[in-house]
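Peer 1: Take a look and give me a structure for this.
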Amino acid sequence: MTQDLCCYEYDLDDNFFKNIDAPEIRKGKLHVRLDVKKFTGGFILNFHTFGQVVVPCDRCLDDMSLAVDTTNMLKVKLGTDYSDNEEVVTVPEEEGYIDITWFLYEFIALSLPMQHTHEDGECNPEMMKVLNQHLCVEEEGEDMQSMGEEQKDVDPRWNDLRKLIDNN
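Peer 2: Purely as a prediction, here's the structure:
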């Protein structure tokens, strides 16, 4: 049964990400609303985080902005030793507090898409030029025998896969 409800609000800025020293997220401006519900034996922490973060583009390495809007829950109970499993975090009773910094960072990082890339045409043009110079794609009609290799029958499925590569 719920006994108490407390609400906290935090604004996270570039200093938060600088101090946590994690490489994936470089900067950001986020707002966090934390609702803490106390019940017999522990607490339920409900986080709602929204705003923008800056991450490197996987393609051109320039900074890009991503929107964040995530809701997460963390169960905390008091015990004798600190423990962090998937369901419940146990905090030593004599300490009586939990540092939520890393949990906030993980919630934010896990809300981001796996691939961070600019929209088509928005990547750094100089970097894209260098990448295209080093892209190893066979030219259509290239004579394999001129490279000292025998011409081999190519499975037509490989040609379809090459079309996918050429479209990126």
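Peer 1: Next secondary structure after the host helix or strand of E9?
Peer 2: Counting by DSSP states H and E, the element that carries E9 is strand 2-12. Using DSSP H and E, the helix or strand that directly follows strand 2-12 along the chain is helix 14-20.
Peer 1: export that next one as CSV, just CAs?
Peer 2: Provided in CSV are the C-alpha atoms of helix 14-20 (Å, rounded to 0.1, in the frame of the first residue of the first chain):
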residue,chain,number,x,y,z
ASP,A,14,26.2,19.4,-20.8
ASN,A,15,27.9,19.3,-17.4
PHE,A,16,25.9,16.2,-16.5
PHE,A,17,27.3,14.3,-19.5
LYS,A,18,30.8,15.7,-19.0
ASN,A,19,30.9,14.6,-15.3
ILE,A,20,29.6,11.1,-16.0
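Peer 1: Next up, the contacts around the nearest residue to V36 once chain neighbours are set aside.
Peer 2: Nearest residue to V36, sequence neighbours excluded (C-beta to C-beta, 6 or more residues apart in numbering): C6, at 4.5 Å. No exception for glycine: its C-beta is placed from N, CA and C like everyone else's. Counting by C-beta atoms under 8 Å, 6 or more residues apart in numbering, C6 makes contact with 35-36, 38.
Peer 1: Likewise for V54?
Peer 2: 25-28, 63-66.
Peer 1: Let's see that with 7 Å instead.
Peer 2: 26-28, 63, 65 (C-beta atoms under 7 Å, 6 or more residues apart in numbering).
Peer 1: ok, so what distance separates the closest residue to it other than its chain neighbours from C123?
Peer 2: Counting by C-beta to C-beta, 6+ apart, V54 lies nearest to K27, which is 4.0 Å off, once chain neighbours are set aside. Taking C-beta to C-beta, to the nearest Å as the measure, K27 falls 19 Å from C123.
Peer 1: same thing with D11?
Peer 2: D11 sits 31 Å away from C123, going by C-beta to C-beta.
Peer 1: And for L34?
Peer 2: L34 sits 36 Å away from C123, taking C-beta to C-beta as the criterion.
Peer 1: Check E106 too.
Peer 2: For E106, the distance to C123 (C-beta to C-beta) stands at 28 Å.
Peer 1: of K27 and C123, who's got more company?
Peer 2: Taking neighbours as other C-beta atoms under 10 Å, K27 and C123 compare with C123 leading, 19 against 16.
Peer 1: would you list every one of the helices in this protein?
Peer 2: 14-20, 101-111, 125-134, 156-167 (DSSP state H).
Peer 1: Check the burial of the closest residue to D13 other than its chain neighbours by counting its neighbours.
Peer 2: Distances taken as C-beta to C-beta, 6+ apart put K29 closest to D13, at 5.7 Å, once the chain neighbours are dropped. By other C-beta under 10 Å, 15 other residues sit near K29.
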